[in-house]
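*Asks:* I'll drop the sequence and a predicted model, then ask my questions.
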Amino acid sequence: MTSGGKELAGIFLFVALVAGIPLATDSGVILNFVMMALYAALLAQAWNILGGFGGQFSFGHALFFGTGAYIQAIAQLQGGLNAWLALFMAVAGSAGVGALVGALSFRYGLKGSYFALVTLAFAEVFRILALSVPFTGAGVGLMLPLHESFANMQFGSRKGYVYLVLAFVAAALLLTWWLKHSRFGAYLQAVRDNEDAARAIGVNPFGVKLGAIVLSGGLMGAGGAFYVQVFQYIDPGIAYGPGTSVEALVAAIVGGMGTLWGPVLGALVLHVLADLTRNLFGQLPGINMVIYGMVLVLIVMFLPRGIAGLGATAKSLWKKSGGRRG
Amino acid sequence: MAEPLLAIKGLSISFGGLKAVQNVSLDVPEGSLTALIGPNGAGKTTLFALMSGFLKPDSGTVQFAGQDITGCAPHLNARRGMTRTFQIVQPFATQTVRENIAVGAHLHLKERRSALSQAEEVAARVGLSAQLDKPASDLTVAGRKRLELARALATRPRLLLLDEVLAGLNPQEIAEMIPVVRGIAQSGVTVLMIEHVMQAVMNLAQHVWVLAQGQLIAQGTPAEVTADEKVVEAYLGHGTAARLRAAALAGAAT
Ligand SMILES: Nc1ncnc2c1ncn2[C@@H]1O[C@H](COP(=O)(O)OP(=O)(O)O)[C@@H](O)[C@H]1O
Ligand SMILES: [Mg+2]
């Protein structure tokens, strides 16, 4: 089998295995853990498209998350739309915000920390806007009434939400797989690695980065829509605050940027750690951020390619030590 | 003469007070293998950047295949058929040799599989077949130069601008590369190369332009320009032409 074929088989195996969990158990604790880990994976996968494959580090992915969340809520509350139609709009809307931010920042060649700061600023501007305009419910937030039904994308048990978020994660895995095996993905990684070299051989960096931020934003918006469906509540701090941005990027970096499984692995490891510390320290506020920060520092220092790059890092260390002996 | 593939007229650019390229005009005939030489800092790389669209000229025009492309973006020029390489090699360091070359091949091939197999063919042409699965960052200097060439070649250019692909190579590696470059030109690609290795210029180029301090100071066959005192002095400073002649005479006598 080709490497691409093996990866596809891996994706189907993963989805099949995870899909079996709700059949095997009714434990709320397990189902909740699986749901939250998949949800974190989805956010990291979204960030990974632009940050990992495109090398454009966003510090403000909450911008897309929050936009997806608000569209999901407002389309149902004010627009009276079906939840699935709302989801479609949430994805399209956050992708559109991606196009807007991308067009502005990439047109002016913003890179590195400048791009990171601009995304952070955009998220902050949207948070303040969400606090001040009436249709977002301002600081009070929006509450989605509880009406459990498939049409409302509200499920009687956690199992329905596990399947929903698993579908999103599967779609993101397939999208990431496509990036690894398509011209667009090759161009995106070429621009990440060396923009001038890419331009010289016919790659339009602006178009490629714009495509990446649209895909990344749309997927992040799906994450926001999912949040609203599960918790039936959104406010400006949850939607556009820095917490979600940090969570998405830490999981992707810890797991391995620019890889297929990195974001899923990173999300899983961080959630296991977060649960362990919750058991140790109780509900100490902010403790998960402290853990994330510590893990991030350790990974950046000792595993620059993340958990998914463990093999490659070990190999190059081995070669280095072998070179010293030889 | 047929219409030149690349025609530049009165091209100039300054960086602050430094006139890096001044009023340079030259015509590159289709199907030719020509060279641009000159001392370090003469403005050769800058001239390539102006031709390929990485820099916009302060004045002057660039025509490619009869079309005015002055100030056009580099990726559009690559699509038209003009591809440059970089003097300071610019590999996609995290990717393998095969993946690097495939990015170039994607210019004409949408399918990933076709681009990857095209990459193998191009690698064979420049002698990189054995390194296809190595990360580009593991290549030697000579390997990186070949990769730089291969990636550009994979775009199937009509005009290839080679910026010092032989610099940093040892004599044996240079001897290996010269036939590679000749082979590319013989396959129908027009080649303009910036080169310091005179052995290669003498061997390969039909016509040579000499740039010094941003200006064209001479042109002609390799034999003509190397015999030109202006050229020798631009390279080696005042009075060297005479010393070289003496040395050459002494050499011929042995
Ligand atoms: N982007 C730039 N900004 C300022 N000066 C530059 C820039 N690029 C080149 N130069 C200067 O222009 C001159 C010509 O450089 P270059 O074209 O690289 O020369 P060559 O390739 O002939 O060695 C040098 O003095 C160099 O320092
Ligand atoms: Mg140069």
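*Replies:* Okay, I see it. Ligands and ions are numbered 1, 2, ... in the order given.

*Asks:* From A:Y187, how far off is A:L210?
*Replies:* From A:L210 across to A:Y187, the span is 12 Å (C-beta to C-beta, to the nearest Å). All C-beta spots, glycine's among them, are computed from the backbone N, C-alpha and C.

*Asks:* OK, contacts around the residue of the stretch 201-326 of chain A found nearest chain B?
*Replies:* Nearest residue of the stretch 201-326 of chain A to chain B, counting by C-beta to the nearest C-beta: A:G202, 3.7 Å away. Shown in contact with A:G202 (C-beta atoms under 8 Å, 6 or more residues apart in numbering or on different chains): B:75, B:78-79, B:83, B:104, B:106-107, B:155.

*Asks:* Considering those, which possesses the most neighbours?
*Replies:* B:G104 (30 neighbours; other C-beta atoms under 10 Å in any protein chain shown).

*Asks:* Now do the same for that residue: helix, strand or coil?
*Replies:* What DSSP: H, G, I helix; E, B strand; the rest coil gives for B:G104 is helix.

*Asks:* how deep is the residue nearest to it when sequence neighbours are not counted tucked in, by neighbour count?
*Replies:* For B:G104, ignoring the flanking residues on the chain, the nearest one in space by C-beta to C-beta, 6 or more residues apart in numbering or on different chains is B:A154 at 3.2 Å. By the criterion of other C-beta under 10 Å, B:A154 has 28 neighbours.

*Asks:* Tell me who's in contact with the nearest residue to A:L144 once chain neighbours are set aside.
*Replies:* Residue nearest to A:L144 in three dimensions, not counting chain neighbours: A:Q232, with 4.0 Å by C-beta to C-beta, 6+ apart. Contacts for A:Q232 were tallied using C-beta under 8 Å, 6+ apart; they are A:143-146, A:154.

*Asks:* can you rerun that using 10 Å?
*Replies:* A:73, A:142-147, A:154 (C-beta atoms under 10 Å, 6 or more residues apart in numbering or on different chains).

*Asks:* So which of those sit within strands?
*Replies:* A:142-143 (DSSP state E).

*Asks:* would you list every one of the helices in chain B?
*Replies:* Counting by DSSP state H, one finds helices in chain B at the ranges B:44-52, B:74-80, B:97-105, B:112-126, B:141-153, B:171-186, B:198-204, B:222-227, B:229-236, B:240-253.

*Asks:* quick one on the thing from earlier: out of the contacts of A:Q232, which are buried?
*Replies:* Buried members of the contacts of A:Q232, counted by 16 or more other C-beta atoms under 10 Å in any protein chain shown: A:73, A:142, A:144, A:154.

*Asks:* Now the two most distant members of these.
*Replies:* Farthest pair in those (C-beta to C-beta) is A:L142 and A:Q154. Separation: 15.1 Å.

*Asks:* sorry, back to before: just the contacts of A:G202 now: which is nearest ligand 2?
*Replies:* B:T83 (17.0 Å; C-beta to the ion).

*Asks:* Tell me the confidence at the closest one?
*Replies:* Looking at B:T83, its pLDDT reads 97.

*Asks:* hmm, back to that, which one's more surrounded, A:L210 and A:Y187?
*Replies:* Shown here are A:L210 and A:Y187; by other C-beta under 10 Å, A:Y187 has more neighbours (26 against 19).

*Asks:* just to revisit the earlier point, what's the closest of the helices of chain B to ligand 2?
*Replies:* helix B:44-52 (3.2 Å).

*Asks:* Off-centre distance for that closest one?
*Replies:* Centroid separation for helix B:44-52 versus its chain: 10 Å, with C-alpha atoms, centre = their mean, to the nearest Å.

*Asks:* export it as PDB, just CAs?
*Replies:* Only the C-alpha atoms of helix B:44-52 are listed here, as PDB (Å, rounded to 0.1, in the frame of the first residue of the first chain):
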ATOM      1  CA  LYS B  44      24.200  40.400 -11.300                       C
ATOM      2  CA  THR B  45      21.900  38.800  -8.700                       C
ATOM      3  CA  THR B  46      20.000  42.100  -8.600                       C
ATOM      4  CA  LEU B  47      19.600  42.000 -12.400                       C
ATOM      5  CA  PHE B  48      18.100  38.500 -12.100                       C
ATOM      6  CA  ALA B  49      15.700  39.700  -9.500                       C
ATOM      7  CA  LEU B  50      14.600  42.500 -11.800                       C
ATOM      8  CA  MET B  51      14.100  40.100 -14.700                       C
ATOM      9  CA  SER B  52      12.100  37.600 -12.700                       C
END
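
*Asks:* Let me know the average pLDDT across it.
*Replies:* Mean predicted lDDT for helix B:44-52 stands at 97.

*Asks:* before we move on, what about stretch A:233-242?
*Replies:* 92.
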